[in-house]
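J.: Quick one, fold the following:
(2 chains)
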Number of protein chains: 2
Amino acid sequence: MIPGHGQLELPAERGEDAAVRHVVILAGGGGTRLWPASRPWRPKQLLALGPQRAQGTPGGTAHGTPGETLLGATLRRVAGLDTLIVTAREFAAETALVAPGARLLCEPAARNTAAAVGWAATVLAAQDPDAVLAVLPADHHVADEAGFRATVDRALALAEQSDAIVTVGIRPTRPETGFGWLELGEIVRDGGARDVVRFVEKPDLATAQAFAASGRHLWNAGMFFFRAARILAELERCLPALAAGLRELAAGASPDTVYPTLPSISLDHGVMERTPGLLTLTGDFGWSDVGAWPQLAELHAADEQGNVVAAGRLMALDARDNLVYTDDGTLIALIGVAGLVVVRSGDAVLVVPRVRAQDVKELVRLLDAADPRGQPAKEPR
Amino acid sequence: MIPGHGQLELPAERGEDAAVRHVVILAGGGGTRLWPASRPWRPKQLLALGPQRAQGTPGGTAHGTPGETLLGATLRRVAGLDTLIVTAREFAAETALVAPGARLLCEPAARNTAAAVGWAATVLAAQDPDAVLAVLPADHHVADEAGFRATVDRALALAEQSDAIVTVGIRPTRPETGFGWLELGEIVRDGGARDVVRFVEKPDLATAQAFAASGRHLWNAGMFFFRAARILAELERCLPALAAGLRELAAGASPDTVYPTLPSISLDHGVMERTPGLLTLTGDFGWSDVGAWPQLAELHAADEQGNVVAAGRLMALDARDNLVYTDDGTLIALIGVAGLVVVRSGDAVLVVPRVRAQDVKELVRLLDAADPRGQPAKEPR
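T.: Below is the predicted model:
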């Protein structure tokens, strides 16, 4: 049996020589494909995108109350574990509202995930040289929360026991070309772990189809598990400039001075793709990255006409397979349209076919170019 | 030459035996096809649907400031003539804002246009037995305002001179099946007037196509010109119960008591269709009834992609031939859609193909049925 599998280890309960398990939640923001709900000042993890009860009426109106924020759901899934949230300074206040009492590490500048994880590992290692970390994104959705928690506990135990870098790869449900994929080795190791043979970022459709059918490829979901000391050693090897900055932080230098100078690179590219001997556990718990509007249909039930009310109210007349979201009580009235995403949030309404929802990114770019004041940058420091 | 043609006759200027010309503007409200902008508490004539300056930017964003209300434009077109506005009591305050200083006749209850016109004629005849009236809807659009004014002046002069009931029929530009049509006699009378042989309400498409091609059929636009004494005599003949009520009002009875008991019928059905000897002048001044969202495209210029911004802001990415309207500064962002009407007003967003915009009426009916509180009736008296 793997120690710690299926049970909580609270800091107060740990024994003399058991490492403390910590969850590091990456809540730095970014991303534009959920515009107009997501904005530079309101990132995806702070949106109430989670499921909520929807009620249909005979007249065809569906009502939905706002759901849980993705960050709130993430925190709930790891309840009982010591948690550190790494976020941007401008999201600190709203993050604290969602996570009252949580420890926040506020980045003075956005420097991507390698720096964020490195800083968190530095802080936690200073408190506890044996710290074992679960690094989790703040803005994903999980349907099977018990299954997720069991997998996280197994991955933490494996990282603690083996000193390996462990990932949780998601069992694919479609030939997704927008994700990174993990290719697994043949041998199944202790605890069901398998080696990662290689990373393949955003494959073409034929490759993705082969991956989805192979049984040896998983989606990279950005979840990583390791001892703090192990990831700091890998950062030293792969990203020495970053590691040097982290040593300055460990020695007491001001984050305001050091952090903005750190190299900006993702943990995936900077470390994971260059580190042999990664272990992976297979995750199969109804995961979604909620990466664009159509993915919200995975989180919410459709009505008999195929319409999905992610939030707000819908009146549909001869309208099918649409997805609507409004965060201000707006009624969305649709007549004779199909397959659309219709969103009302803030000062904007978005109408786009579900199959073209990826183009929201391009629209936001055009909007920034046409009217920079319409999408203010992060507040100046 | 017809007396008064092309010149203004202000009350102060009239001679000893010249009748005073009065404009009666029917501003009672009603209609649901411009929902969600038009509501029971905000009828079409009070909406800022008129043209406004639109500016395109290289990035594809079009901005529009709110236009003139249809009532405001109607008043401006008859500036200089004595004007009486008949409206519902619940619209009095907002009507007075649009028409400061105008005389208002506030209906205690909605009883359709025969009662409204009869009441106005009764009031004006009591002040001036020779009064000549131009009855005009408050919620239509006219592109050629000088042409409109010249036609109104001709029609008033004709009514004054001949004691006839005169209409202005609109030269058709399409085989419209939603309108009433006037069939003209062969003989052209003094001042270019022609007899109305019959009314045809909402013909089928084949009939409408024949009408549009005949040169002898005009659209009924609800504009009527007559001496007050003449219309009161016709009401006596065609609608004696209504005429009896009007006599009570003339004798000093309270409108609150009498008006709600009057028969509810349109002037078209109640009088015009039953009165021989009607004369018609042909109007050809870019008229629109602004009867549904697609008609707004007649009032506003389209951009190079065929998109029309009736009000508000549009960001279009690969989107064509759409019509957008927002009265609260909302940005409408469209990606990859064509031929849609997208409206944001009040608590609602509407998305409907232009070709199905007539179904808005049905949607509002469903909405009323599903949630009566969503569309409150006129305030109780």
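J.: Tell me the residues of the stretch 251-381 of chain A that contact chain B?
T.: A:315, A:317-318, A:326, A:329-337, A:340, A:342, A:344, A:347-353, A:356, A:359-360, A:362-363, A:366-367, A:369-371, A:374 (CB under 8 Å from any CB of the partner chain). Quick note: C-beta positions are derived from backbone N, CA and C, even for glycine.
J.: Report the distance from the longest helix anywhere in chain A to the chain centre.
T.: The longest helix of chain A (DSSP state H) is helix A:145-162. Mean-position distance between helix A:145-162 and its chain equals 17 Å (CA atoms, centre = their mean, to the nearest Å).
J.: Show me where chain A dips below the pLDDT cut-off.
T.: By pLDDT under 70, the low-scoring segments of chain A are A:1-19, A:52-66, A:371-381.
J.: For it, which segments count as helices?
T.: A:70-77, A:92-98, A:112-127, A:145-162, A:205-214, A:228-238, A:240-250, A:255-258, A:267-270, A:360-370.
J.: TSV please, covering those and showing mean neighbour count.
T.: Output for the helices of chain A, formatted as TSV (neighbours: other CB atoms under 10 Å in any protein chain shown):
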stretch	mean neighbour count
helix A:70-77	22
helix A:92-98	16
helix A:112-127	22
helix A:145-162	20
helix A:205-214	15
helix A:228-238	19
helix A:240-250	18
helix A:255-258	15
helix A:267-270	20
helix A:360-370	18
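J.: okay, the ones you listed in TSV with distance to residue A:134 next?
T.: Listed next are those as TSV, based on distance: least, CB to CB, whole Å:
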stretch	distance to residue A:134
helix A:70-77	11
helix A:92-98	18
helix A:112-127	11
helix A:145-162	5
helix A:205-214	26
helix A:228-238	11
helix A:240-250	19
helix A:255-258	23
helix A:267-270	13
helix A:360-370	30
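J.: Would you map the strands across the stretch 201-350 of chain A?
T.: A:217-227, A:279-283, A:287-288, A:308-317, A:323-326, A:331-335, A:340-345, A:348-353 (DSSP state E, counting those that start in this stretch).
J.: gap between the residue nearest the centre of chain A and residue A:268?
T.: Central residue of chain A (CA atoms, centre = their mean): residue A:137, 3.1 Å from the mean position. Separation of residue A:137 from residue A:268 (CB to CB, to the nearest Å): 11 Å.
J.: intersection of neighbour lists for the two?
T.: Residues within reach of residue A:137 and of residue A:268 at once, by CB atoms under 8 Å, 6 or more residues apart in numbering or on different chains, are residue A:222.
J.: who are the neighbours in contact with residue A:108?
T.: So residue A:108 contacts A:89, A:255, A:256, A:259, A:260, A:381 (CB under 8 Å, 6+ apart).
J.: returning to that earlier point: who's the residue nearest to the centre of chain A bridged to?
T.: Here residue A:137 sits in beta bridges with residue A:26, going by DSSP bridges.
J.: Near the closest residue to residue A:194 other than its chain neighbours, how many other residues are there?
T.: Computed as CB to CB, 6 or more residues apart in numbering or on different chains, the closest residue to residue A:194 that is not its neighbour in sequence is residue A:184, at 4.4 Å. The number of residues packed near residue A:184 is 21, by other CB atoms under 10 Å in any protein chain shown.
J.: these two touch, right, residue A:184 and residue A:218?
T.: Yes. Counting by CB atoms under 8 Å, residue A:184 does reach residue A:218; the two are 6.7 Å apart.
J.: and for these two, which residues touch both?
T.: Taking CB under 8 Å, 6+ apart as the criterion, residue A:184 and residue A:218 both touch A:169, A:280.
J.: Can you give me the distance of residue A:35 to residue A:349?
T.: Applying CB to CB to residue A:35 and residue A:349 gives a distance of 11 Å.
J.: Common neighbours of the two, please.
T.: Shared contacts of residue A:35 and residue A:349, defined by CB under 8 Å, 6+ apart, comprise residue B:333.
J.: Show me which of the two is the more surrounded one.
T.: Using other CB under 10 Å as the criterion, residue A:35 and residue A:349 rank with residue A:349 on top: 26 against 22.
J.: show me what contacts the more buried one?
T.: A:36, A:342, A:343, B:326, B:330, B:331, B:332, B:333, B:342, B:344, B:349.
J.: thought residue A:260 was touching residue A:110?
T.: No. At 9.3 Å, residue A:260 does not count as touching residue A:110 under the criterion of CB under 8 Å.
J.: Would you mind confirming that residue A:189 makes contact with residue A:195?
T.: Yes. Residue A:189 is within contact range of residue A:195, at 7.4 Å (criterion: CB under 8 Å).
J.: Between the two, tell me which one has more neighbours.
T.: More neighbours surround residue A:195 than the other of residue A:189 and residue A:195, with 18 against 14 (other CB under 10 Å).
J.: Find the residue closest to that one in space, skipping its chain neighbours.
T.: residue A:185 (3.6 Å).
J.: now residue A:341
T.: Nearest non-adjacent residue to residue A:341 (CB to CB, 6+ apart): residue A:293, at 4.3 Å.
J.: Residue of the stretch 151-300 of chain A nearest chain B, please.
T.: residue A:293 (10.8 Å; CB to the nearest CB).
J.: how far away is that residue from residue A:342?
T.: For residue A:293, the distance to residue A:342 - CB to CB - is 9 Å.
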